[in-house]
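Colleague: Give the three-dimensional model of this entry:
(4 chains)
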2 protein chains.
Amino acid sequence: MPTESGRRIPEATVSRLPQYYRVLLENTGTGLVTISSDRLAELAGVNAAKVRKDLSYLGSFGTRGVGYDIEYLLHEIARELGLTQDWPCVIVGIGNLGAALANYRGFGARGFRVVALADADSSKVGQKVADLEIEPVTELTTICEREKVTIAIIATPQSESQNVADTLVEAGVKSILNFASGMLSVPDGVAVRKVDLATELQILSFYQLRNGNGNNGSANGTGPS
Amino acid sequence: MPTESGRRIPEATVSRLPQYYRVLLENTGTGLVTISSDRLAELAGVNAAKVRKDLSYLGSFGTRGVGYDIEYLLHEIARELGLTQDWPCVIVGIGNLGAALANYRGFGARGFRVVALADADSSKVGQKVADLEIEPVTELTTICEREKVTIAIIATPQSESQNVADTLVEAGVKSILNFASGMLSVPDGVAVRKVDLATELQILSFYQLRNGNGNNGSANGTGPS
DNA sequence: AACTGTGAACGTCTTCACAGCG
DNA sequence: CGCTGTGAAGACGTTCACAGTT
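Modeller: Predicted coordinates:
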């Protein structure tokens, strides 16, 4: 895992930056100019020391005795996460979930525009979902090039997911969000994040058995308050 | 048999058990009776030592020189995860995502039955989705009691999510899968897992910027491959 | 010989506690 | 004084390497 510059940001920190970002966004327009690590921690549901350490990886732009300038911090996090850029996305597999994702307005931060939809089912091809026409998955390479796709969302059945991923990688896509249940093999340099509903439910099931235990998964997760 | 006193299973292990379970399921009916940690690791996309250590927390039921009996292992993992039981689920918030989840056949393991749907929008109440009639969210407490709901899925806008969670907790629900973007405050003893699409995309965006970096997320979390 | 089970080493993440600055 | 930034300690997770078992 090569790191290009001296400033290596731990993975755990990266996965929390979006939470801080959201909290900060919700605090703009409230008249508040600064926010303390304590307050930010409370709103994001984490420990204050963790907030300070996380932010210190981006540089030290808090003011002692005062806190962090909200606007400035937002800007810095956005820059670090690449939210100042436009990332055209394609969704592959327009079933229930794929269609819901296509329509999902809550993709939150701007910059993630769904620019194309693809499906293997020829009876779906040509239909419109969220103002986009579904294209045949056989055209995936062409689509990625035409739309300069950088992020792909796979919402196909698991049986197709590896093939789709291979095609995407071939077409130069470097980031994949995978909703299919299996693991994807991709070359180094391609990032994959997985969202698996069955897995989440099974983990909850475990903690349900062990009740009275406030534990939960942390990775993406939420801590018990 | 190993030390059997403290059977505490690390959280990281719990979050991988569903993956092993899925892989094992896919290997039933292939004539194979046993599987080695090496093979299981390869299929699950993890390190073999990790597989052995993870499974050793459940007890030691591999056979040296041979591997693990697939059927037996499946049974043990299912028992540990509580997949032998029935967990009635309610989905709150039947928008695009909630409806897709209601229709989602891929909830994978049996046992997670969606038994009720609720929404705050009165124009949706009474409509049928996935053969279930949408009920008013004001009835949530009644619904949970009537259906003996153990797991709730929140797919409402963030603004409603905390209220919904409070009601669910009040009604005795101990496990929540949260698709809304914010954090939920819940008492100890209630498990929350969060799935946030915007967060996932933002994390991918980060690694997109730092390209050439072979990093990726693991099951839920973030773990370099 | 093949493979598991596990102590020990190592690396990463979290938390504490306080020095340092405004 | 209030709050950040951070070294150091500790908890947790992963990986190695090999003893032990069939």
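
Colleague: The longest helix anywhere in chain A: what's the following helix or strand?
Modeller: If you go by DSSP state H, chain A has its longest helix at helix A:11-26. Counting by DSSP states H and E, the next helix or strand C-terminal to helix A:11-26 is strand A:34-35.

Colleague: who does that next one pair up with?
Modeller: With DSSP bridges as the test, strand A:34-35 is paired with strand A:67-69 (antiparallel).

Colleague: Can the longest helix of chain A be said to contact DNA strand D?
Modeller: No - Helix A:11-26 lies out of reach of DNA strand D by C-beta under 7 Å from any atom of the strand, never closer than 10.3 Å. C-beta here means a position set from N, CA and C on the backbone, and glycine is covered the same way.

Colleague: From the contact counts, what lies against that helix?
Modeller: helix A:37-44, helix A:48-58, helix A:70-81, helix B:197-209 (3 or more C-beta pairs under 8 Å, 6 or more residues apart in numbering or on different chains; DSSP states H and E).

Colleague: Need the ones you listed in a markdown table (columns: distance to residue B:152, mean pLDDT and mean neighbour count).
Modeller: Converted to a markdown table, those look like this (distance: least, C-beta to C-beta, whole Å; pLDDT from 0 to 100; neighbours: other C-beta atoms under 10 Å in any protein chain shown):
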| stretch | distance to residue B:152 | mean pLDDT | mean neighbour count |
| --- | --- | --- | --- |
| helix A:37-44 | 23 | 98 | 19 |
| helix A:48-58 | 28 | 98 | 17 |
| helix A:70-81 | 30 | 97 | 18 |
| helix B:197-209 | 19 | 96 | 23 |
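
Colleague: Residue A:163 is nearest to which of those?
Modeller: For the helices and strands packed on helix A:11-26, the distance to residue A:163 is smallest for helix B:197-209, at 20.6 Å, taking C-beta to C-beta.

Colleague: what is the orientation angle of the closest one with helix A:11-26?
Modeller: Between helix B:197-209 and helix A:11-26, the angle comes out at 120 degrees (axes from the mean of the first three to the mean of the last three C-alpha atoms, to 10 degrees).

Colleague: Could you export helix B:197-209 as CSV, CA atoms only?
Modeller: Once non-C-alpha atoms are left out, helix B:197-209 reads as follows in CSV (Å, rounded to 0.1, in the frame of the first residue of the first chain):
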residue,chain,number,x,y,z
LEU,B,197,-24.5,5.3,0.8
ALA,B,198,-23.2,8.9,0.8
THR,B,199,-20.5,7.9,3.2
GLU,B,200,-19.4,5.0,1.1
LEU,B,201,-19.2,7.1,-2.0
GLN,B,202,-17.2,9.7,-0.2
ILE,B,203,-14.7,7.1,1.0
LEU,B,204,-14.4,5.9,-2.5
SER,B,205,-13.8,9.4,-3.7
PHE,B,206,-10.9,9.7,-1.3
TYR,B,207,-9.2,6.6,-2.6
GLN,B,208,-10.0,7.8,-6.1
LEU,B,209,-7.9,10.9,-5.5
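
Colleague: Give me the helices and strands touching it, please.
Modeller: Judged by 3+ C-beta pairs under 8 Å, 6+ apart, helix B:197-209 is in contact with helix A:11-26, helix A:70-81, strand A:87-92, strand A:112-119, strand A:151-154, strand A:175-178, strand A:191-194.

Colleague: Flag every buried residue along stretch A:17-25.
Modeller: For stretch A:17-25, the neighbour count (16 or more other C-beta atoms under 10 Å in any protein chain shown) marks A:17, A:18, A:19, A:20, A:21, A:22, A:23, A:24 as buried.

Colleague: Looking at those, which is nearest residue A:155?
Modeller: Within the buried residues of stretch A:17-25, the smallest distance to residue A:155 is 20.8 Å, found for residue A:18 (C-beta to C-beta).
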